[in-house]
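Colleague: Below is the structure, and that's it, no one-letter string:
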């Protein structure tokens, strides 16, 4: 009998009997709370599932806000891209206009230089013509010209020729003498400018 009590099978059998007895002795049936009917049970059963399939209203709200923010950022990025393209097109247009203006400026400068060279040649010819005339005749012609034109011609004449013409103009009266004084001052300033530019 001692052999039977010390055997492994006996120990296992006694353990199973004690387990079942304890389970039956301490077993309690769960009590349903009031208002916890079959619909609530089915909802609870529906809620229980895999642990990763849960819903959290705060997390859902954050996800919705992130989606809205993402759409807003995508829209802003699209607007920035459109603005960048428009700026690039406007920059290209400004560059084209700048190049056109630069070319026109160069053409204008060439034409102005050409006109000035032609005007200088014409003024030198006129100065020779008026120098060849008598001082009285040249003074009569200068009386009909405006002061800037007279100055431009006198600049290219020799001092003696200029002096004779101005003297003839001054002899015609007080108003012509004032005009000669004004012409002399303008001629002095023009001559000093010509000397400094040389």
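Modeller: Sure thing, it's come through. Note that the structure is predicted; figures quoted are calculated from it, not measured. Numbers count the residues shown, from 1 in each chain.
Colleague: List the contacts of residue 79.
Modeller: Applying C-beta atoms under 8 Å, 6 or more residues apart in numbering, we find residue 79 in contact with no residue. From N, CA and C alone the C-beta is placed, and that goes for glycine too.
Colleague: so which strand or helix has it?
Modeller: Using DSSP states H and E, residue 79 maps to helix 57-132.
Colleague: Run the chain-centre distance for that helix.
Modeller: 10 Å (C-alpha atoms, centre = their mean, to the nearest Å).
Colleague: got it, and stretch 166-179?
Modeller: On C-alpha atoms, centre = their mean, the centre of stretch 166-179 falls 62 Å from the chain's centre.
Colleague: can I see the domain layout of this protein?
Modeller: 58-116, 133-198 (automatic domain parsing).
Colleague: Lowest average pLDDT across these?
Modeller: The weakest mean pLDDT among those belongs to domain 133-198, with a mean of 84.
Colleague: Wait, residue 161 touches residue 133, no?
Modeller: No: under the criterion of C-beta atoms under 8 Å, residue 161 makes no contact with residue 133, lying 9.7 Å away.
Colleague: These two - which one has more neighbours?
Modeller: Neighbours were counted for residue 161 and for residue 133 using other C-beta atoms under 10 Å; residue 161 has more, 19 against 14.
Colleague: residues in contact with that one?
Modeller: 130-131.
Colleague: Does it belong to a helix, a strand or coil?
Modeller: helix (DSSP: H, G, I helix; E, B strand; the rest coil).
Colleague: The one 5 residues further on now?
Modeller: Here residue 166 is helix, with the state taken from three-state DSSP.
Colleague: Can you redo the domains of the chain as a markdown table, where the extra columns are distance to residue 7?
Modeller: Formatted as a markdown table, those follow (distance: least, C-beta to C-beta, whole Å):
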| stretch | distance to residue 7 |
| --- | --- |
| domain 58-116 | 59 |
| domain 133-198 | 134 |
